[in-house]
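A.B. asks: Predicted coordinates and the sequence they were generated for:
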Amino acid sequence: MKITQRQKIINYIRKHGSITSLDACRDLGIMQFATRIKELKDEGYEFKTEWESSKNRYGERVDFKRFYLADMIADNMNHIPQI
């Protein structure tokens, strides 16, 4: 059975903790990352995102989102006392 691009994204996040569009392109060969994220959301996956900045090869600032699975964040918050 061939693994789908959507499943590759989920597996990547579960292994590495998060993913960006550059990660998806470079590591998974996924060019339509935003489309795959929308499809995953339509399937019921919930993501938390953070904006990040970096410099491209020309020294220009670029902004991009890092995606986390919401359930993984919730699972990792159990050590924080609830008030």
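C.D. replies: Arrived safely. What you see is a predicted model, and the numbers here were worked out from it, not measured in a lab.

A.B. asks: If the spatially closest residue to residue 41 that is not a sequence neighbour is in a bridge, with which residues?
C.D. replies: Counting by Cβ to Cβ, 6 or more residues apart in numbering, residue 41 lies nearest to residue 47, which is 7.0 Å off, once chain neighbours are set aside. For every residue, glycine as well, the C-beta is placed using N, CA and C. Residue 47 forms beta bridges with residue 69, as assigned by DSSP bridges.

A.B. asks: Okay, residue 47 and residue 10: tell me how far apart.
C.D. replies: Using Cβ to Cβ, to the nearest Å, residue 47 is found at 10 Å from residue 10.

A.B. asks: Give the residues shared as contacts by the two.
C.D. replies: 40, 69 (Cβ atoms under 8 Å, 6 or more residues apart in numbering).

A.B. asks: So for these two, which residue has more residues nearby?
C.D. replies: residue 47 (20 against 17; other Cβ atoms under 10 Å).

A.B. asks: residues contacting the more buried one?
C.D. replies: Taking Cβ under 8 Å, 6+ apart, one finds 37, 40-41, 67-70 in contact with residue 47.

A.B. asks: mind redoing it with 10 Å?
C.D. replies: Neighbour list for residue 47: 9, 13, 18-19, 37, 40-41, 65-73 [criterion: Cβ atoms under 10 Å, 6 or more residues apart in numbering].
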